[in-house]
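Enquirer: Requesting a structural model of the entry that follows:
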Amino acid sequence: MGVAASLLGIVIWALHFGLVYGGQALACEVGRPSIVMPLVIGASVVALALLLVLAVVARRSRGGFLGGLAVGIAAFSALAVVWEAAPVLALPAC
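Expert: Down below sits the predicted model:
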């Protein structure tokens, strides 16, 4: 497991972050707030699935320090995905 693979968790989180907040801003701008919740839930499920796969692959690769780092970053990124998606359930979309 290389350095780039170890940082994939952060890349997945960043893509999720951009899609969620960019998608919400765009949906609110065009007057379609009803698509925000499905967008956020769908993007979150995909991001969490990718992070889980990344963690499992990194754990099984016996990558030493970088493998452990990848698992830790994937876990932290999964927590960040849940944290940024949670307000959608409690707050209005726009």
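Enquirer: pLDDT below threshold where in the protein?
Expert: Applying pLDDT under 70 to the chain picks out residues 1.
Enquirer: Would you mind finding the longest helix in it?
Expert: helix 36-60 (DSSP state H).
Enquirer: elements contacting that helix?
Expert: helix 8-29, helix 64-85, helix 87-90 (3 or more Cβ pairs under 8 Å, 6 or more residues apart in numbering; DSSP states H and E). Where C-beta positions appear, they are placed from N, C-alpha and C, glycine not excepted.
Enquirer: residues contacting the nearest residue to residue 70 once chain neighbours are set aside?
Expert: Nearest non-adjacent residue to residue 70, counting by Cβ to Cβ, 6 or more residues apart in numbering: residue 58, 3.6 Å away. Neighbour list for residue 58: 1, 5-6, 67-68, 70-71, 74 [criterion: Cβ atoms under 8 Å, 6 or more residues apart in numbering].
Enquirer: circling back to that earlier point, go through the longest helix of the chain and flag the buried ones.
Expert: Of the residues in helix 36-60, 36, 39-40, 43-44, 47-48, 50-51, 54-55, 57-58 count as buried by neighbour count, 16 or more other Cβ atoms under 10 Å.
Enquirer: same question, stretch 14-33
Expert: Neighbour count says stretch 14-33 has 16-17, 19-20, 23-24, 27 buried, by 16+ other Cβ under 10 Å.
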